[in-house]
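1. Predicted coordinates and the sequence they were generated for:
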Amino acid sequence: MSDHTVLALRLAALAVASAALSGCMHAAHAVFSPAMEAAMEASITPEKLGITTSTWRGKSCSELEESHAYMLELHQKSNPSGDPGMARVDGWQMDALNQVRREQDCFGSTATVPASGQVTAYGYCFSGTETVNYLTPVFTYRDFYTDGGAAETAAFNAMLRSTYGVTDGRGGCLMEDSPANAAAEIERLANLTRLQMNWDTVHVPWTPPPIEKAAKLATRAAAAPASVSPAAANIGSSSIEATDLGLTLESPSSELVSALGLKSPTGAWVVSVTPGSPAAKAGLKSMDVILDVSGQEVRGPEDVQSITSRLRSGYRAPLGVWRNRAQQELTLAIPTRAAPVAVAVAAVAQPPAPVPTPVIAAPAAAPQGNTFCHAYIYVVKKPGGVQSAIFQSPSPQITSAGMMTTLSAFVNKVRQQQPEAWRPFSFPEVQCSPPSGYCFANAQKALFKPDQMAGQFCFATRAEAQTHYDEFNSVKPVYETLEWQP
């Protein structure tokens, strides 16, 4: 999944804060006049929504440019739709994004931060149950960018289980780019909790122990999008050679968009197909435009390789293809690929004794066999929802990208069947924790409407998944089950 999916309301969308605010706003709607509602909207600021430059840290200039184009598209859609609130939020996010671009010298000025965007990361962790919100103090990450705080989240959840008996918390460890921003977020979450009369805030005296993390399997290329895998090589300004699929792809030009009757200049235009290749066997032809792969939107040619590289060999991935001015459905068999080779790095020296016992985080891409998952979607504080049966993930490993891929595909399927019931969701990979096998996503905010969430648990064996599934459905009312497989 592309980094541009980390959209507006990154922290406001997290479960606990969202639920607290939703309940109070819904009650207020019955008594506030339209004038009061307008005054409340006018009082909303970027800081109150948790919009900061931190959302965009750790990205290259090319990634920031991609995110900017995506945010600009959202902003342009919000204005004609008559939603001034969302237009303001999109504008604030673009302001924060452009500040980061200026600091990284993406405009050809003087850089004040590293070109990688990896500034010092300050963090905090939180988790919420139905009645309690747990918050840690501010700490400094030793290494946030390797896994997005997943290892710290796993250690935090383990501490909550052993110390407080918390097994149903929702949250994680997040990052800000200054101690002041991190402290402000902690205070913001605490204030939102106070709005819910029967909720308590517990300030936990805990910070992560020293954690050694495995190196990423590949480093980011400064001049190329991070989503392009080694199997794809640039052959032009916008061309991608996906050799393992047998495809040459380009971004559709404005002239091509008009000629083919496309609705937007997104997708991957098929320039050529190698005879006998997986793409040829799938029925792809020159002049086709690939719109989505396995339920994931394709915004450019590099997305095809990025998405398929995360799918299990032999998996039959659905393809949405634009052909003859209409959308068609094809099926692509994912080819067998060589296993990646891990890159070894020297261990980071530990500080002088005494120090806590280090927690060893599992490598993010260590093979774990085929994974079995269970996804669900619900309205916060409303009983029931929609769930999947246990399904076998196309990804052979429990990774953030693999989990978020199937969660987004499930949510999109539910929204297709119940379009009036569910708002659009965003799927930032930072909201996944591979060590715990859990991901969650949030729907777009809507004034005076309850929040909507989706979640997914993944396990190494079907037996573990079945145990979780049975426990999940032991609570009444049982979720409606959607017969769905990725």
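-> Now that the structure is in, tell me what you want to look at.

2. For the lengthiest helix in the chain, buried residues please.
-> What stands out as the longest helix in the chain, according to DSSP state H, is helix 84-103. The neighbour-count criterion (16 or more other CB atoms under 10 Å) identifies 86-94, 96-98, 100-101, 103 as the buried residues of helix 84-103. In this view, the C-beta of every residue, glycine as well, is placed from N, C-alpha and C.

3. Repeat that for stretch 286-294.
-> D288, V289, I290, L291, D292, V293, S294.

4. average pLDDT across the longest helix of the chain?
-> For helix 84-103, the mean per-residue pLDDT is 81.

5. Tell me the helix or strand right after that helix.
-> strand 122-128 (DSSP states H and E).

6. How far off centre is the helix or strand following that next one?
-> Heading C-terminal from strand 122-128, the first helix or strand you meet, by DSSP H and E, is strand 132-135. Its chain's C-alpha centre and that of strand 132-135 lie 23 Å apart, by CA atoms, centre = their mean, to the nearest Å.

7. before we move on, the earlier item: from the buried residues of stretch 286-294, which ones fall inside strands?
-> V289, I290, L291, D292, V293 (DSSP state E).

8. So which residues of the stretch 151-300 of the chain form helices?
-> Using DSSP state H, counting those that start in this stretch, the helices of the stretch 151-300 of the chain run over 179-194, 254-260, 278-282.

9. Reformat these as TSV; add mean neighbour count.
-> Formatted as TSV, these follow (neighbours: other CB atoms under 10 Å):
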stretch	mean neighbour count
helix 179-194	18
helix 254-260	13
helix 278-282	20
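
10. Ok, which of these comes nearest F427?
-> Using CB to CB as the measure, helix 179-194 is the one of those that comes nearest F427, at 21.1 Å.

11. Tell me which other helices or strands that closest one touches.
-> Here helix 179-194 touches helix 15-29, helix 46-49, strand 122-128, strand 132-135, strand 170-176, strand 200-203, going by 3 or more CB pairs under 8 Å, 6 or more residues apart in numbering; DSSP states H and E.

12. which stretch in these has the least confidence?
-> helix 15-29 - the lowest mean pLDDT of the helices and strands packed on helix 179-194, at a mean of 42.

13. residue ranges for the strands of the stretch 251-400 of the chain, please.
-> Using DSSP state E, counting those that start in this stretch, the strands assigned to the stretch 251-400 of the chain run over residues 268-273, 289-293, 296-297, 316-323, 326-333, 359-360, 372-379, 386-388, 391-392.

14. neighbouring strands for the third one, and are they parallel or not?
-> It refers to strand 296-297. Each strand paired with strand 296-297, and its direction, by DSSP bridges: strand 289-293 (antiparallel).

15. what mean pLDDT does the partner strand have?
-> On average, strand 289-293 scores 93.

16. Can you give the domain ranges for the protein?
-> 1-211, 232-333, 372-482 (automatic domain parsing).

17. Just give the number of residues close to A441.
-> Neighbour count for A441, taken as other CB atoms under 10 Å: 24.

18. quick one, what contacts it?
-> M404, L407, S408, V411, F425, S426, F427, P428, Q431, M453, A454, G455 (CB atoms under 8 Å, 6 or more residues apart in numbering).

19. mind putting these in a markdown table, distance to Y145 included?
-> Converted to a markdown table, the contacts of A441 look like this (distance: CB to CB, whole Å):
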| residue | distance to Y145 |
| --- | --- |
| M404 | 18 |
| L407 | 23 |
| S408 | 23 |
| V411 | 27 |
| F425 | 25 |
| S426 | 21 |
| F427 | 20 |
| P428 | 15 |
| Q431 | 16 |
| M453 | 26 |
| A454 | 26 |
| G455 | 25 |
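
20. just the residues you listed now: which is nearest E483?
-> For the contacts of A441, the nearest to E483 is V411 (15.7 Å; CB to CB).

21. show me the contacts for that closest one.
-> V411 sits next to A375, I377, W422, F425, F427, A441, A454 when contact means CB under 8 Å, 6+ apart.

22. now, which of the residues you listed sits nearest L249?
-> Nearest to L249 among the contacts of V411, with distances taken as CB to CB, is F427, at 23.1 Å.

23. Give me the distance between the residue lying closest to the closest one once chain neighbours are set aside and S294.
-> Leaving aside its chain neighbours, F427 sits nearest to S408 (4.5 Å; criterion: CB to CB, 6 or more residues apart in numbering). Relative to S294, S408 is positioned 10 Å away (CB to CB, to the nearest Å).

24. Which residue lies nearest the spatial centre of this protein?
-> P428 (1.5 Å; CA atoms, centre = their mean).

25. Give the burial count for F448, as a bare number.
-> Neighbours around F448, by other CB under 10 Å: 13.

26. Next, the angle from the helix or strand hosting S62 to helix 84-103.
-> Element membership for S62 (DSSP H and E) is helix 61-78. Inter-element angle recorded for helix 61-78 and helix 84-103: 160 degrees (by axes from the mean of the first three to the mean of the last three CA atoms, to 10 degrees).

27. For helix 61-78, name the packing helices and strands.
-> Against helix 61-78 (3+ CB pairs under 8 Å, 6+ apart) you get helix 84-103.

28. centre of the chain versus the helix it packs on, how much separation?
-> Using CA atoms, centre = their mean, the offset of helix 84-103 from its chain centre is 19 Å.

29. if I pick the closest residue to L319 other than its chain neighbours, what's in contact with it?
-> Nearest residue to L319 in three dimensions, chain neighbours excluded: L330, at 4.3 Å (CB to CB, 6+ apart). Neighbouring residues of L330 by CB under 8 Å, 6+ apart: A282, G283, L284, P318, L319, V321.

30. For the residue nearest to H203 when sequence neighbours are not counted, list each beta-bridge partner.
-> Distances taken as CB to CB, 6+ apart place L135 nearest to H203, at 5.5 Å, with adjacent residues excluded. According to DSSP bridges, the partner residues bridging L135 are F126, H203.

31. Against A121, how distant is L135?
-> In terms of CB to CB, L135 sits 18 Å off from A121.

32. just D95 next, same as before
-> Separation of D95 from A121 (CB to CB): 21 Å.

33. what about D451, how many residues close to it?
-> 28.

34. Now it. Its backbone dihedrals?
-> phi -70, psi 150 (degrees, to the nearest 10).

35. and P419, backbone torsions?
-> Per degrees, to the nearest 10, the backbone of P419 is at phi -60, psi -30.

36. What is the burial count for it?
-> P419 - counted by other CB under 10 Å - has 8 other residues nearby.

37. What pLDDT is listed against it?
-> With respect to pLDDT, P419 has a value of 89.

38. Then S264?
-> In this prediction S264 is given a pLDDT of 82.

39. which ones are touching it?
-> So S264 contacts V257 (CB under 8 Å, 6+ apart).

40. circling back: what's the closest of the helices of the stretch 151-300 of the chain to K381?
-> Short answer: helix 179-194, nearest of the helices of the stretch 151-300 of the chain by CB to CB, at 14.3 Å.

41. what inclination does the closest one have with respect to strand 170-176?
-> 150 degrees.

42. please renumber so the chain begins at 23
-> Sure, I'll start counting at 23 from here, so that last one is helix 201-216.
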